[in-house]
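model the structure of this input:
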Amino acid sequence: MILPSWLWIILIGAMVAASCSVVGSFLVLRRMAMLGDAISHAVLPGIAIAFFVTQSRSSLPMFIGAVVLGLLTAFIVQTLNRSGRVQNDAAIGVSFTSLFALGVILISLYASNVDLDTDCVLYGVLELAPLDTIEWAGRDIGPRAFWQMAVIFAIGVATVALLFKELKITTFDPELATAIGINAGLMHYVLMGLVSITTVGAFEPVGAILVVAMMVVPPATAYLLTDDLKTMLWLGVAVGVLSSFAGYALSLALDSNVAGAMTVAAGGFFALALLFSPRHGVVTKRLSQRQLSRRVAGEDALQALWRDHESTLGTAGAPMNTAGVALSTRTDAGTTQRALGDLKRTQMVETSGEGYVLTEQGRRTAQELVHRHRVYESYLNGLGYPEDHLHDAADRVEHFLPAPMVEEVDEAAGNPQVDPHGKPIPHD
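Predicted coordinates for the structure are as follows:
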């Protein structure tokens with residue numbers, strides 16, 4: 001062997017993951033992720049029939065039989081779904097359970113005395129794959145499984161590259177694809193052919209479990225990280241390859257099945273993306289919402305202090321304290337205290353006795369916020385909104401209006417100098 005066995009195991013797993021991820025990305029986007037699971041189970045009768053016909057465990061007949069059953073599964077699912085009476089998930093469930101059960105029966109009837117069982121199909125023998133090598137020009141060039149998956153990966157990448165536009169359009173809008181002359185049905189079966197070839201090719205080394213996992217989990221992880229299809233394809237491949245390396249290390253640490261550990265590693269990467277994805281992560285969203293809440297509370301506090309200054313201009317009124325700001329902004333005292341603390345750190349406000357006053361920088365920012373609020377109230381008033389609805393509507397929008405839009409709203413409202421309540425609209 002050219003490389004040590006442990007490295008071949010990782011490389012075979014990585015090649016399986018990469019091959020599955022390329023086609024799995026389209027399945028995830030088409031909301032057909034479990035079709036890979038269906039095909040991986042439903043090809044079992046194809047393997048059994050191929051053995052029954054040839055009485056041989058030669059790879060080629062079994063490969064052909066499995067691919068044919070994979071395509072048949074896709075056809076049955078599509079036909080049941082198009083009938084309009086069976087939902088897609090139900091069609092998948094009916095197809096793969098029935099065909100898988102048929103395969104189990106055929107194996108028990110015609111191959112019970114042969115080393116051809118369901119465990120090999122489900123769990124694979126990744127640890128032993130480096131032992132089955134091939135020779136080229138009298139030299140051992142490595143495991144058969146690696147080169148087999150390398151060829152399948154090349155076929156998948158070449159097909160996707162050649163038909164990228166057609167696959168992309170039929171994935172996102174099959175009706176549009178048909179309208180512009182792209183055969184959506186043909187593209188569907190091209191994709192199903194790739195799924196079948198990939199699934200069957202990975203059966204012997206890694207089994208159906210890892211195939212299904214790598215066809216769904218890395219693409220789903222990539223889907224959480226990007227909105228670009230090309231980026232998603234390469235990210236999915238990268239996640240799958242990383243899962244193979246991490247899974248092998250995990251299997252050594254736990255003394256467990258390698259394929260299972262790779263699946264767990266892929267699930268771990270998915271969990272990280274689910275939590276920390278820049279746009280869709282649960283933790284990221286929570287932090288973003290928290291920051292937005294603090295920003296809104298701070299802007300509301302600035303406006304409250306500005307209005308207080310406006311109402312007490314020329315009088316000896318005391319500066320507004322935390323309780324006063326909280327009451328004015330209808331915010332709890334804790335949130336208000338944190339907002340005022342943030343404003344003080346950014347030099348927007350400063351303390352004066354037991355209260356707070358605006359700095360020059362804070363006054364300019366608060367004036368702009370009040371300007372947005374009152375201009376938007378004037379705009380809504382011109383549209384016929386009831387007067388008692390104006391404040392709350394403007395209060396929701398004022399934090400998100402960019403400066404160019406504020407100018408457009410101001411112009412659409414007629415550049416008013418006072419708001420509908422008779423209060424002056426501040427201008428620079």
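
so what's residue 41 up against?
Neighbour list for residue 41: 96, 97, 99, 100, 103, 208 [criterion: C-beta atoms under 8 Å, 6 or more residues apart in numbering]. C-beta coordinates here come from the backbone N, C-alpha and C atoms, glycine included.

so what's the third one up against?
Residue 99 makes contact with 41, 42, 44, 45, 69, 72, 73 under the criterion C-beta under 8 Å, 6+ apart.

that one should be in a helix, yeah?
Yes - Residue 99 forms part of a helix when assessed by DSSP: H, G, I helix; E, B strand; the rest coil.

pLDDT score assigned to it?
At residue 99, the pLDDT value in this model is 81.

distance-wise, check it relative to residue 28.
Here the criterion is C-beta to C-beta, to the nearest Å. By it, residue 99 lies 23 Å from residue 28.

isn't residue 362 up against residue 305?
Yes - taking contact to mean C-beta atoms under 8 Å, the distance of 7.5 Å between residue 362 and residue 305 places them in contact.

which stretches of the stretch 51-200 of the chain have low pLDDT?
In the prediction, the stretch 51-200 of the chain carries residues with pLDDT under 70 at positions 55-59, 84, 110-124.

what ranges do the strands span in it?
Using DSSP state E, counting those that start in this stretch, the strands of the stretch 51-200 of the chain run over 133-136, 139-143.

could you say what helices and strands the last one packs with?
It stands for strand 139-143. Other helices and strands packing on strand 139-143, by 3 or more C-beta pairs under 8 Å, 6 or more residues apart in numbering; DSSP states H and E, are helix 5-29, strand 133-136.

go with 10 Å
Applying 3 or more C-beta pairs under 10 Å, 6 or more residues apart in numbering; DSSP states H and E, one finds that strand 139-143 makes contact with helix 5-29, strand 133-136, helix 144-162.

what sits up against the shortest one?
With C-beta atoms under 10 Å, 6 or more residues apart in numbering as the test, strand 133-136 has contacts from 1, 2, 8, 140, 141, 142, 143, 144, 145, 146, 147, 148.

export it as PDB, just CAs?
Backbone C-alpha positions of strand 133-136 (Å, rounded to 0.1, in the frame of the first residue of the first chain) are rendered in PDB as follows:
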ATOM      1  CA  THR A 133      -6.500  -3.200  -3.100                       C
ATOM      2  CA  ILE A 134      -6.000  -3.000  -6.800                       C
ATOM      3  CA  GLU A 135      -2.900  -3.200  -8.900                       C
ATOM      4  CA  TRP A 136      -1.900  -1.000 -11.900                       C
END
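
mind listing what's buried in that strand?
Residues residue 133 are the ones in strand 133-136 that count as buried (16 or more other C-beta atoms under 10 Å).

where does the stretch 251-400 of the chain dip in pLDDT?
In the predicted model of the stretch 251-400 of the chain, residues 313-317 satisfy pLDDT under 70.

show me what contacts residue 86?
Taking C-beta under 10 Å, 6+ apart as the definition of contact, the neighbours of residue 86 are 77, 79, 80, 92, 93, 94, 95.

now name the helix or strand holding the residue nearest to the fourth one when sequence neighbours are not counted.
Ranked by C-beta to C-beta, 6 or more residues apart in numbering and with sequence neighbours excluded, the top spatial neighbour of residue 92 is residue 38, at 4.7 Å. Here residue 38, judged by DSSP states H and E, is contained in helix 35-42.

circling back to that earlier point, would CSV of the strands of the stretch 51-200 of the chain with distance to residue 425 be doable?
Conversion of those to CSV gives the following (distance: least, C-beta to C-beta, whole Å):
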stretch, distance to residue 425
strand 133-136, 81
strand 139-143, 76
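
nearest to residue 342, out of these?
Ranking those by proximity to residue 342 (C-beta to C-beta) places strand 139-143 first, at 59.7 Å.
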